[in-house]
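Asker: here's my sequence, what's the structure:
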Amino acid sequence: MRISRRRFLKGAAATTATLALSGWRRVPWRPGVAWASGPSDAILVAIRLYGGNDGLNTLIPVTGPNRTLYNTSRPALGIPVGSLGMTAVGADALGHTYALHPDTKNGLWALFNSHKLAIIPGVGYPNQSLSHFLSEAIWYRADPVGIPATGWLGGWLDGLGLPATAVPAVDVEGGYLTPLLRTSSSSVLAIGDLPSFVFPIDYDYSPEDDTAKRTAFEDIYQSLASASAPLDRIAAVGYATSLKTAAYPHDTVDAPLLDAIDGNLGQDLKTVLTLIQANVGARVFHVGIDGFDTHSGQGGIGGFQGALLKRLGEAMKAFLDSLDSTTRAKTIIWTFSEFGRRIEENGYGGNAGTDHGSVAPMFVAGDAVAAAKIWGAYPDLANQDDDGNLIFEETGTGEGRTVDFRDYFGTILKWLGVAAPTTVLPTTGGWSTFTDLGFLG
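Answerer: Below you'll find the predicted structure:
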């Protein structure tokens, strides 16, 4: 049935309200929008490692007291020193040497070897929650005490003062908007795939139906643009959605390096690559890789976690290698996971795994990395709480020191030109002074 103008206006208003209130938002980029005083049009790609990645089998002790405790804590999952030579990453700040998981040789370690990977050990927050759901909310919002309405990156976007029709960020994970990018005023977009991101029209009546519906969206926007909140925001969201469905590409670019990556991560990064090359204005992206909740069957070399780390690193490398040199110079990829894993393994033999833990190493990749090295000191594995997890201890410079995730996030914000990250990140739970970790040049 051909839809009437009145009927469409009524239905579209309800649909637009649903989109805005659910967080499914988007709008187009305008040329000349001023970012912070960091790299021109800097591009951030966040990759979440869903489930809590085991940091101890990601960045593995080779020498020093941590190696001794590693051997006794991981009789089944422990990777022998003789297998770590090809993925060595040198010494931490205390002079003890470490290596990446052997399965990362063509991915994370290859990035490290080409001077494009910074390793930040022991990142977390005070009073670590071992709940997936609470800890992910804490990581998204950078607040270990409360749950702010916006994500920490979303809050930064709000502070840029972008026009209502700008869409600086896209979540590429099946149409769900991560709380990391949740904003109070800026518009962001969550999409599942580019071919399905089209303006809804009845093709039996196209182009007339297309023209009528787009005109209806324009009417909604014009009539509500000066209304009070939240109607003004709902109107802007609807109008922007209409505009961007035409501006976004409806197919991905040719990217054979990413096509070679197993799983969804390669294809999601291919979508990010497409949006960057299409110059639609988005500069902040979020993707994820699932499966890191390895309570059992975690495996060692060639095992389950190793396969995930292999996929992660090779996808990161393929994405960066697919960028032209100018774009790559202003692009960084950074990783996070809701927690690490317990030091001591559980189970036996091939069934061994690790339970929920606390701090873990994070990675930042790109040409902007100041140096490929371990930035800081690996935490002391002997400094455990009653559950056998690493204690968060952010004082001193010796073993036992951990890194507050706001110093990690803040170093990224500093690279973007934020002079005082404490004005963007929550100063709660004992953190109020920002320390630049230095891993970005």
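
Asker: please identify the helix or strand for Asp407.
Answerer: Applying DSSP states H and E as the criterion places Asp407 in helix 405-415.

Asker: got the contact list for that helix?
Answerer: With CB atoms under 8 Å, 6 or more residues apart in numbering as the test, helix 405-415 has contacts from 38-39, 42, 44, 120, 123-125, 139, 142, 152, 156, 332, 334, 336, 362, 364, 368, 418, 421-422, 424-426, 431, 434-440. Where C-beta positions appear, they are placed from N, C-alpha and C, glycine not excepted.

Asker: that helix: how far from the chain's middle?
Answerer: Remark: helix 405-415 is offset 13 Å from the chain centroid, using CA atoms, centre = their mean, to the nearest Å.

Asker: what subset of the contacts of helix 405-415 is buried?
Answerer: In the contacts of helix 405-415, burial by neighbour count holds for 38-39, 42, 44, 120, 123-125, 139, 142, 152, 156, 332, 334, 336, 362, 364, 368, 418, 421-422, 424-426, 431, 434, 437, 439-440, counting by 16 or more other CB atoms under 10 Å.

Asker: quick one: low-confidence residue ranges for the stretch 301-441 of the chain.
Answerer: Residue ranges of the stretch 301-441 of the chain with pLDDT under 70: 395-400.

Asker: where in the stretch 1-150 of the chain is pLDDT low?
Answerer: Applying pLDDT under 70 to the stretch 1-150 of the chain flags residues 1-40.

Asker: let's see it at 50
Answerer: For the stretch 1-150 of the chain, the stretches flagged by pLDDT under 50 are 1-37.

Asker: what ranges does it have for its strands?
Answerer: 43-49, 59-61, 88-91, 97-100, 117-124 (DSSP state E, counting those that start in this stretch).

Asker: which of these sits closest to Leu312?
Answerer: Using CB to CB as the measure, strand 43-49 is the one of the strands of the stretch 1-150 of the chain that comes nearest Leu312, at 7.0 Å.

Asker: ok, residues contacting the closest one?
Answerer: Taking CB under 8 Å, 6+ apart as the rule, strand 43-49 contacts 153, 178, 180, 265, 269, 272, 276, 283-289, 292, 308, 312, 316, 319, 327, 330-337, 412, 416.

Asker: let's go with 7 Å and repeat that
Answerer: Strand 43-49 has contacts (CB atoms under 7 Å, 6 or more residues apart in numbering) with 180, 272, 276, 283-289, 292, 312, 330-337.

Asker: put the alpha carbons of it into CSV.
Answerer: Output in CSV follows, covering the C-alpha atoms of strand 43-49 (Å, rounded to 0.1, in the frame of the first residue of the first chain):
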residue,chain,number,x,y,z
ILE,A,43,41.5,8.4,13.9
LEU,A,44,40.9,6.2,16.8
VAL,A,45,39.9,2.5,16.6
ALA,A,46,39.0,0.8,19.8
ILE,A,47,39.0,-3.0,20.0
ARG,A,48,37.4,-4.7,23.0
LEU,A,49,38.5,-8.2,23.9
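
Asker: just want the angle from that strand to helix 405-415.
Answerer: 160 degrees (axes from the mean of the first three to the mean of the last three CA atoms, to 10 degrees).

Asker: partner strands of strand 43-49 and their direction?
Answerer: strand 284-289 (parallel), strand 331-336 (parallel) (DSSP bridges).

Asker: Ile60 is nearest to which of those?
Answerer: Here strand 331-336 is closest among those (CB to CB), at 17.0 Å.

Asker: touching the very next helix or strand once past the closest one from outside, list them.
Answerer: Where DSSP H and E defines the elements, the next helix or strand beyond strand 331-336 is strand 360-365. Contact with strand 360-365 is made by 53, 55, 58-59, 108, 111, 116-123, 316, 320, 332-337, 339-340, 408, 439-440, as judged by CB under 7 Å, 6+ apart.

Asker: next one: stretch 291-304
Answerer: Identification of contacts with stretch 291-304 by CB under 7 Å, 6+ apart yields 49-54, 77, 79, 83, 102-103, 305-306, 308, 337, 347, 350-355.

Asker: and the buried ones among those residues, selectable in PyMOL?
Answerer: Buried residues among the contacts of stretch 291-304 (16+ other CB under 10 Å), as a PyMOL selection:
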select buried, resi 49+50+51+52+53+54+77+79+102+103+305+306+308+337+347+352+353+354+355
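
Asker: could you double-check that Leu111 sits in contact with Leu117?
Answerer: Yes: Leu111 is in contact with Leu117 according to CB atoms under 7 Å; the separation is 4.0 Å.

Asker: what bridges to the residue nearest the centre of the chain?
Answerer: In the chain, the centroid-proximal residue (CA atoms, centre = their mean) is Ala46; its distance is 2.4 Å. For Ala46, the beta-bridge partners are His286, Trp334 (DSSP bridges).

Asker: roughly how far apart are it and Thr335?
Answerer: Distance of Ala46 to Thr335, given as CB to CB, to the nearest Å: 8 Å.

Asker: repeat for Ala315
Answerer: Counting by CB to CB, the separation of Ala315 from Thr335 is 11 Å.

Asker: between those two, point out the one with more neighbours.
Answerer: Between Ala315 and Thr335, Ala315 has the larger neighbour count (other CB atoms under 10 Å), namely 28 against 23.

Asker: I'd say the more buried one and Lys270 touch.
Answerer: No: counting by CB under 7 Å, Ala315 does not reach Lys270; the two are 9.6 Å apart.

Asker: would Val170 count as being in a strand?
Answerer: Yes: Val170 sits within a strand when classified using DSSP: H, G, I helix; E, B strand; the rest coil.
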